[in-house]
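Asks: Just to be clear, the model below is a prediction. Sequence and coordinates:
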2 protein chains.
Amino acid sequence: MQINKMPIPELTSVRCQECPIRHRAVCAKCDEEELELLSGMKTYRSFKAGDVILWRGEPLQFVASLVTGAATLSKTLEDGRTQMVGLLLPSDFIGRPGRQEIEFDVTATTDVTLCCFDRKPFEKLVEDTPHVAQRLMELALDELDAAREWMLLLGRKTAREKIATFIEMLARRATVQDQEAGGQFILYLTRDQIANYLGLTLETVSRHFSALKKEGMIGFSDRHHIEVLDLPGLQLATGDDADGGLVS
Amino acid sequence: MQINKMPIPELTSVRCQECPIRHRAVCAKCDEEELELLSGMKTYRSFKAGDVILWRGEPLQFVASLVTGAATLSKTLEDGRTQMVGLLLPSDFIGRPGRQEIEFDVTATTDVTLCCFDRKPFEKLVEDTPHVAQRLMELALDELDAAREWMLLLGRKTAREKIATFIEMLARRATVQDQEAGGQFILYLTRDQIANYLGLTLETVSRHFSALKKEGMIGFSDRHHIEVLDLPGLQLATGDDADGGLVS
DNA sequence: TTGCGACCTTGATCCAGATCAAGGCATAGA
DNA sequence: TCTATGCCTTGATCTGGATCAAGGTCGCAA
C-alpha cells in the first residue's frame, strides 16, 4: 500500500484567464465576476507521482480541479483486489458538494497540480452562483455516462476489446487535450495500473499490447509513448456499435 | 429484441401528499408551494412488464420518477451482448435535465407506473427552484456512487461474490421499501436479467443460487421469492470490506 | 561500472465461468 | 386433459484470462 507522502504546498499565481483548463473545468461557464470570486478562494497544490491525494472515508477538506497531470480513483476489496473507477485528466473535478467524504482513494499517477477550493466556502458559492452549480451537474452527469460505459466494458468485453477501447479513449482525450506531435501520446499509466482500470491482470495487458503491435494497429517509441497506426482497425476491435458515437 | 408495445396512458389522480415516494423522489425537498407547481405538470403513465420505456438515442420527451414496479437501464454491444447498467426501483429518477437523449435503453421488468414531467417545463422548473436542482444533484451523485460500486463488482468480484452482493443489496433496498413479511422479498428479475446485471451467464447465476441455498444462506418459496437466512454469512460472501458501510 | 529496483515481456499451466446440451416444472390456452 | 411456452436447473466440456515462473530492459544511485 502506498505511503501518503505529505503534499508539497506551493502557491503559484496563475491568473484564471490564462489557466489552461479555463474553458472545460468547473469554472467553464463563469462570467468575469464569478471568476473573480473563485479566483479569490483558490490555492494551488502539487503532488508527486504516487502520492495519495485523498483517502476513502477521510473528511474532505477541499474540492479541486485537476490542472496538470493525471490521477486515478480506485476502490479496494477486503483482500486487496483493486479496481480503478475513474481516471482524472486536466479539467476533471475532484470532490463533491454536500458530501463529507468520498467512497474511493484518489492517487496521483504523475506529478499533479490541483486548483483547490476549501469545501465550505465552495459549497456556499455553489448555492449562490447557478453557473457553477450547472457546470457541476454537467460534470457529474458526464462522469455517470462514462461510468456506465465502463460498466459495459468491465462486464461484457473481452480483454482485446478492453485494451482497444482504452487506447481509443486515450487517443480521443489526448487529441483534444494536448495535440502532441504525430498522433503519438503519453501513456500515463503503468501496465499494472491499466490492468486495474480494465479489470485484467498486467500480464494480459502486456500480451494484448504486443498482439495489437504485431498486427500494426499501434506502435511504441518507448514503453510510455504510444501511437495509433490504424484507427479504423482499432475502433473495430473495441466491439462498440459503429454508429455509437456522434458525428464528429 | 423486445417489441415496444405502446404505453397505456392512464391518468390517475394521486395527491402528492399521499404519494408513496413523496419523501425520497426528486420532489423530496420541496415545500408545499413547489409541490403545487410540480403537481400541476405531472401525469401518470403505466407500462406493462417487458415494455421498453425509452430507447437509447431517442429524443427525450419527458423525465419521470418511478412510482411502482421496477425498470432496468441497459447497454448493448454491436453483436448483441448486453450489460445492465442500472436497476430502477420506486423513487428513482429517469432522464436528465439538459440532455436531449440518453445512452441506454430503459425497460420495464414488472408493470410500472411513472410520474412524468414534460422535459421542457421541468427544465425550466429546475432552473427556478433550488430544492429540485439540489435533490437532482444528490440523486445523480448517488447513482454515480452506485455505478462505481458496480464497477468494482464487475471488474473484480467472483461469480459467488457477485451473487451474494446482489442479494444483499436487494435485501437492503427491500427492507427500506416495502417491508414484506418475514424477511422474504420479491426477486423482480429473471435469472437471465440477473446475469445481465452481474456480467455473468444465466447458468452461472442459477448454479450459485443453488449453492448458496444448499449452504443455508438463502431460501426460496418459489423462484421469485427469496429469503435471506444467514445475513452475516451472506455479507461475508460479498467480499466487501467489513467496515465498508456506515453504522446503521 | 555495477548492482538494484521497478517495470515489462513471454512461456507454461491451471481453473472459473462460458458454452453446449438435456431435461424439469410451472402456467396458460385449446 | 394435453400441449406449448417460458423459465429454470443440472451435467459435460471447453477456453480465455488468471496464475506461476523466468528472464529482460532501463534508469538511477553508490
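Replies: Done, it's in. The shown structure was predicted, so the numbers you read here are calculated from the model rather than taken from an experiment.

Asks: beta partners of A:Phe185?
Replies: Bridge pairing for A:Phe185 (DSSP bridges) gives the partners A:Ile226.

Asks: ok, how many other residues are close to it?
Replies: 22 (other CB atoms under 10 Å in any protein chain shown). Bear in mind the C-beta positions are built from the backbone N, C-alpha and C, glycine included.

Asks: Ok, A:Thr113 next?
Replies: Applying other CB under 10 Å, we find 20 residues neighbouring A:Thr113.

Asks: Helix or strand: which one has it?
Replies: Using DSSP states H and E, the element containing A:Thr113 is strand A:112-118.

Asks: which neighbours does that strand have in its sheet, and in what orientation?
Replies: strand A:42-47 (antiparallel), strand A:62-68 (antiparallel).

Asks: how about the longest one: buried residues?
Replies: Read that as strand A:62-68. Neighbour-count burial for strand A:62-68, with 16 or more other CB atoms under 10 Å in any protein chain shown as criterion, is recorded at A:62-67.

Asks: And the shortest one, by the same measure?
Replies: Taking 16+ other CB under 10 Å as the neighbour-count basis, strand A:42-47 is seen to contain the buried residues A:42, A:44-47.

Asks: Just confirm A:Asn196 contacts A:Gly80, I think it does.
Replies: No: in this structure A:Asn196 lies outside contact range of A:Gly80 using CB atoms under 8 Å: 11.5 Å.

Asks: more neighbours, the two?
Replies: Taking neighbours as other CB under 10 Å, A:Asn196 and A:Gly80 compare with A:Asn196 leading, 23 against 7.

Asks: any chance you could read off phi and psi for the residue nearest to the more buried one when sequence neighbours are not counted?
Replies: Closest residue to A:Asn196 apart from its sequence neighbours, by CB to CB, 6 or more residues apart in numbering or on different chains: A:Met84 at 4.6 Å. Note on A:Met84: backbone dihedrals following degrees, to the nearest 10 are phi -70, psi 140.

Asks: and the residue most central in space within chain A, what is it in contact with?
Replies: By CA atoms, centre = their mean, chain A has its centre lying nearest to A:Leu88, at 1.5 Å. Counting by CB atoms under 8 Å, 6 or more residues apart in numbering or on different chains, A:Leu88 touches A:66, A:70-73, A:94, A:106.

Asks: isn't A:Lys157 right up against A:Ala237?
Replies: No: with contacts counted by CB under 8 Å, A:Lys157 stays clear of A:Ala237, the gap being 10.3 Å.

Asks: List every C-alpha atom in stretch A:200-210, with coordinates, as CSV.
Replies: C-alpha atoms of stretch A:200-210 as CSV (Å, rounded to 0.1, in the frame of the first residue of the first chain):
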residue,chain,number,x,y,z
LEU,A,200,-7.5,-7.6,-16.1
THR,A,201,-4.0,-8.7,-14.9
LEU,A,202,-0.9,-6.9,-16.0
GLU,A,203,0.3,-10.0,-18.0
THR,A,204,-2.9,-10.0,-20.1
VAL,A,205,-2.5,-6.3,-20.8
SER,A,206,1.1,-6.8,-21.9
ARG,A,207,0.2,-9.7,-24.1
HIS,A,208,-2.6,-7.8,-25.9
PHE,A,209,-0.4,-4.7,-26.4
SER,A,210,2.1,-7.0,-28.0
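
Asks: Buried residues, it. List them.
Replies: Under 16+ other CB under 10 Å, the buried positions of stretch A:200-210 are A:200, A:204-206, A:208-209.

Asks: ditto for stretch A:136-150
Replies: Neighbour-count burial for stretch A:136-150 flags A:136-141, A:143-150 (criterion: 16+ other CB under 10 Å).

Asks: Let's have those in a markdown table, adding pLDDT.
Replies: Below are the buried residues of stretch A:136-150 laid out as a markdown table (pLDDT from 0 to 100):
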| residue | pLDDT |
| --- | --- |
| A:Leu136 | 86 |
| A:Met137 | 85 |
| A:Glu138 | 86 |
| A:Leu139 | 89 |
| A:Ala140 | 89 |
| A:Leu141 | 89 |
| A:Glu143 | 93 |
| A:Leu144 | 94 |
| A:Asp145 | 94 |
| A:Ala146 | 95 |
| A:Ala147 | 97 |
| A:Arg148 | 97 |
| A:Glu149 | 97 |
| A:Trp150 | 97 |
